[in-house]
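Participant: Pasting the sequence and the predicted coordinates here, then a few questions.
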Amino acid sequence: MKVMAAGLTDVGCVRRSNEDSLGLSPELHLYIVADGMGGHAAGEVASRMAVQLIKEFFSSPEITEQTEEMKLARAVNFANQKIHEAGEKDPALNGMGTTVVTVLARPEQVLIGFVGDSRVYLHHQNKIQQLTQDHSLVNEYVRKGLLTPEAAERHPLKHVISRALGTSPAVEVETLRRSPESGDTLLLCSDGLSNKLTFEEMNAILSKTGDNLEKACSSLVEKAKEKGGEDNITVILIGYR
C-alpha cells in the first residue's frame, strides 16, 4: 500500500503565539503532533523540542531495540528527559511541558505512542473512531465509571491533563499497534481541533475531501476557526491507499 500524508498548524483566532508543533518525516515513516504548555514561550519550546528529539532518536543508527513498541516508548521518554532537564536548568522554562502523539506509519503496520490529550482518530468507509485515550483527569473518571463520556465533554476540568512530557523526570507512554487497511485515514490532532469539532463534523469533512489530504487539513482547521478557534490548531492526516 501507498502511504501519503499532509499536515497543517494554525495559531487560531485568539492566541498570539502558536505553542503547537508538528513533524512530518516520511523518510522515517514518522509523524508527530505536540501541544505545548507553559508561561511565555515555554510551551512553544517544549513542543518543538519533542518533535525534534523524537525525530533525532529515530534517526540515530545506534538504536537497537527488539520491538517497535520499545523503540517508540524510549524515543518519547528520551524527549521527556531532555525537556525536563531544559526546564530545570532555565528558570524561564521551568514547568514547561507538552502533550505528544507519535505515529510510525509503515505500509504493513501502524504504531501509535501518546502522552496527554492530543489524539489519533481512524477514518474508514465514511466512519470515524477515536483510537487513543486522553490522559486527562476527566477521562480517568470516565475509565473508572464515575462520569459518562457525555458528561466528560461538558466537565469544567476537561482540560486538566494527567500526563505530559517534561513535567517529571520519567513518563509512562501508552502504545497501540494496528494493521492498516486500504482506505484508512489517520487523523492526528491537538485539542484545538478535537475540542471544537464533533465526530460528525470530522467525518463529513474527511468523507467529502477523499484523497485530497491537503484540502482536508485546511477544511478541518477552518471549521475549528469558524467555531471560535480559541486554541492553536494542528492536524496531520495519514492516508493508506
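Facilitator: That came through fine.
Participant: Enumerate every residue touching Leu72.
Facilitator: Listed by Cβ atoms under 8 Å, 6 or more residues apart in numbering, the contact partners of Leu72 are 102, 104, 111, 113, 173, 175. All C-beta spots, glycine's among them, are computed from the backbone N, C-alpha and C.
Participant: Any figure for the gap between it and Asn18?
Facilitator: As judged by Cβ to Cβ, to the nearest Å, Leu72 and Asn18 stand 26 Å apart.
Participant: Repeat that for Gln130.
Facilitator: Distance, Gln130 to Asn18, using Cβ to Cβ: 24 Å.
Participant: ok, Arg16 to Asn232 distance?
Facilitator: Distance, Arg16 to Asn232, by Cβ to Cβ: 10 Å.
Participant: Nearest spatial neighbour of Arg163, chain-adjacent residues omitted?
Facilitator: Distances taken as Cβ to Cβ, 6 or more residues apart in numbering place His135 nearest to Arg163, at 3.9 Å, with adjacent residues excluded.
Participant: my read: that neighbour touches Ser118, true?
Facilitator: No: His135 is not in contact with Ser118 according to Cβ atoms under 8 Å; the separation is 9.7 Å.
Participant: Looking at the two, which one has more neighbours?
Facilitator: Comparing His135 with Ser118 by other Cβ atoms under 10 Å, the one with more neighbours is Ser118, at 29 against 21.
Participant: In this structure, what residue spans correspond to strands?
Facilitator: Using DSSP state E, the strands of the chain run over residues 3-10, 20-25, 30-37, 97-105, 110-115, 119-124, 127-130, 174-178, 185-189, 233-240.
Participant: how far is the worst-scoring helix or strand of the chain on mean pLDDT from where the chain is centred?
Facilitator: Of all the helices and strands that make up the chain, helix 149-153 has the lowest average by mean pLDDT, DSSP states H and E, namely a mean of 78. How far helix 149-153 lies from its chain's middle: 21 Å, per Cα atoms, centre = their mean, to the nearest Å.
Participant: For that helix, name the packing helices and strands.
Facilitator: Packed against helix 149-153, as judged by 3 or more Cβ pairs under 8 Å, 6 or more residues apart in numbering; DSSP states H and E, are the following elements: helix 137-143.
Participant: For the helix it packs on, name the packing helices and strands.
Facilitator: When contacts are defined as 3+ Cβ pairs under 8 Å, 6+ apart, helix 137-143 packs onto helix 149-153.
Participant: what sits up against the helix it packs on?
Facilitator: 138-139, 141-142, 158.
Participant: hmm, back to that, which one of Gln130 and Asn18 is surrounded by more residues?
Facilitator: The neighbour comparison of Gln130 against Asn18 (other Cβ under 10 Å) goes to Asn18, with 19 against 14.
Participant: Run a quick check on the more buried one versus Thr9, I expect a contact.
Facilitator: Yes: if you go by Cβ under 8 Å, Asn18 and Thr9 touch, sitting 6.2 Å apart.
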